[in-house]
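Student: Next one to model:
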Amino acid sequence: MGLEEDLATDPPCHPRACAIQDCIQKNNYKEEKCQKEIDALYECCNAFYEKNGDNAKTVSCPKASLLRLKMKQRIQNS
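Tutor: Predicted coordinates for the structure are as follows:
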């Protein structure tokens, strides 16, 4: 699914959160093998907060402030 479809799911971004769990389980819990899935979730969560405001909530995403910190750290570490 694309970003708009993933934002429209209930809860928002849930398919992307599930993709991370599936990837981690398939890769013996080695998070470094699932960077593409993590980036996809962060993209969806960022769009969710841009659309709904920083106080919006979905179980699939970290809080807006934590999400931005994690995104910043990923850019710095790449």
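
Student: could you pull out the helices for the protein?
Tutor: 3-8, 14-26, 35-52, 64-76 (DSSP state H).

Student: Next, the angle helix 14-26 makes with the longest one.
Tutor: Put plainly, it is helix 35-52. 160 degrees (axes from the mean of the first three to the mean of the last three CA atoms, to 10 degrees).

Student: picking that back up, is it possible to get TSV of the helices of the chain that adds distance to residue 58 and mean pLDDT?
Tutor: Every C-beta, even on glycine, is put in place using the N, C-alpha and C of the backbone. Below are these laid out as TSV (distance: least, CB to CB, whole Å; pLDDT from 0 to 100):
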stretch	distance to residue 58	mean pLDDT
helix 3-8	9	96
helix 14-26	8	97
helix 35-52	6	97
helix 64-76	11	95
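
Student: Packed most tightly, which of the ones you listed would that be?
Tutor: Ranked by mean neighbour count, the helices of the chain are led by helix 35-52 with a mean of 18 (mean count of other CB atoms under 10 Å).
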